[in-house]
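Novice: 3D model of this:
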Amino acid sequence: MTSLCRNPALLLLFLSTLSPFLHLLFSHANPTSPPVTRLRFIYVTRVASTDDYDEYEDNDNLQKVKASERPAFVHHEPQFCQYNPCVENQEPCSVLAKNTGCICPGSTGPNEPPHPPRIQELLPVRQGDDKGKVEVKWCAPSSVVSGYKVVVQGREGQALEFKDTSRHGVIGSLEVGTKVCVEAMNSAGHSTETEFSCTRYDPPKSSDHTLMLGVIGGGVALLLLLIIGAVISWKYHLCQKPKRDSSDGLGNPSYSTEGTL
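Specialist: Got it, this is the predicted structure:
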């Protein structure tokens, strides 16, 4: 052994011859363990069958049917009734609203006194059997009305009554300035006087009267024109006379009809 340690070449040759035996010895003494492996989890998803597709189609059809059964909501603008309170013999607005679904303006009920009506005009009747009398026209209030009463100043005890669908009435002859009022009535009472339900009679000027005034005005204007023309002509002649006199006086101052100087 001492010689092997002193000779390195021999030592290497000896170790090379022993290496197969050492490898075999260590392999049996220290066996290697197999490598550790991890478990692999495989997730399997459910594959849709034909039955699933049928179920989906049934759900879609059911949703479509439910959607078709829903009532369609259509927005309609509110429509007011074609009702004119100033036109007579009309169908009441309440009846129009019931038949067509339109909207009437707010009105008081039969248990409250009606609002006052509004007078449109007082006009003289110019032809027919009532010629020379006065006709009054009014508009209905937004209330339940059973009739109308026309009261003339100075004839309070002789008021004229008209039905609920009336919008005019003849009240006889009137003097200019006479006050006339129209009242609405129902079972709860009558309306009060206002500046809209009362007016004073002021007849319009007739066409004949206007024509007469035009003729008179035209005659006066023509007379004024004639007077102005005559004055201008007279002034003109006055201005022309001094000029003629001055032209006649010019000549030879030494000349005399009585003889020579």
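Novice: What is the burial count for Pro113?
Specialist: Counted with other Cβ atoms under 10 Å, residues neighbouring Pro113 total 16. For glycine as for every other residue, the C-beta is placed from the backbone atoms N, C-alpha and C.
Novice: what kind of secondary structure is it in?
Specialist: Look at Pro113: counting by DSSP: H, G, I helix; E, B strand; the rest coil, its state is coil.
Novice: For Glu88, give me its contacts.
Specialist: Taking Cβ atoms under 8 Å, 6 or more residues apart in numbering, we find Glu88 in contact with 165-168.
Novice: Would you mind writing the CA trace of stretch 150-170 as PDB?
Specialist: Provided in PDB are the C-alpha atoms of stretch 150-170 (Å, rounded to 0.1, in the frame of the first residue of the first chain):
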ATOM      1  CA  VAL A 150    -132.900  87.500 -19.200                       C
ATOM      2  CA  VAL A 151    -133.400  90.500 -16.900                       C
ATOM      3  CA  VAL A 152    -133.900  94.000 -18.500                       C
ATOM      4  CA  GLN A 153    -133.300  97.100 -16.400                       C
ATOM      5  CA  GLY A 154    -136.700  98.600 -15.500                       C
ATOM      6  CA  ARG A 155    -138.500  95.300 -16.300                       C
ATOM      7  CA  GLU A 156    -137.200  93.200 -13.400                       C
ATOM      8  CA  GLY A 157    -140.700  91.700 -12.800                       C
ATOM      9  CA  GLN A 158    -141.000  90.700 -16.400                       C
ATOM     10  CA  ALA A 159    -137.900  88.500 -16.900                       C
ATOM     11  CA  LEU A 160    -137.800  86.300 -19.900                       C
ATOM     12  CA  GLU A 161    -136.900  82.600 -19.500                       C
ATOM     13  CA  PHE A 162    -135.300  80.300 -22.100                       C
ATOM     14  CA  LYS A 163    -134.400  76.600 -22.100                       C
ATOM     15  CA  ASP A 164    -131.000  75.200 -21.300                       C
ATOM     16  CA  THR A 165    -130.000  74.700 -25.000                       C
ATOM     17  CA  SER A 166    -130.800  78.300 -26.000                       C
ATOM     18  CA  ARG A 167    -128.100  80.800 -26.700                       C
ATOM     19  CA  HIS A 168    -130.200  83.800 -27.900                       C
ATOM     20  CA  GLY A 169    -133.500  85.500 -27.300                       C
ATOM     21  CA  VAL A 170    -135.500  88.500 -28.400                       C
END
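Novice: which parts of it are buried?
Specialist: Under the neighbour-count criterion of 16 or more other Cβ atoms under 10 Å, stretch 150-170 has 150-152, 160, 162, 167-169 buried.
Novice: hang on, the earlier thing: closest one of the contacts of Glu88 to Lys131?
Specialist: Nearest to Lys131, judged by Cβ to Cβ, of the contacts of Glu88 is His168 at 16.1 Å.
Novice: who's the nearest residue to that closest one once chain neighbours are set aside bridged to?
Specialist: The shortest distance from His168 to any non-neighbouring residue, by Cβ to Cβ, 6 or more residues apart in numbering, is to Lys137 (4.5 Å). Note on Lys137: beta-bridge partners Glu121, His168, judged by DSSP bridges.
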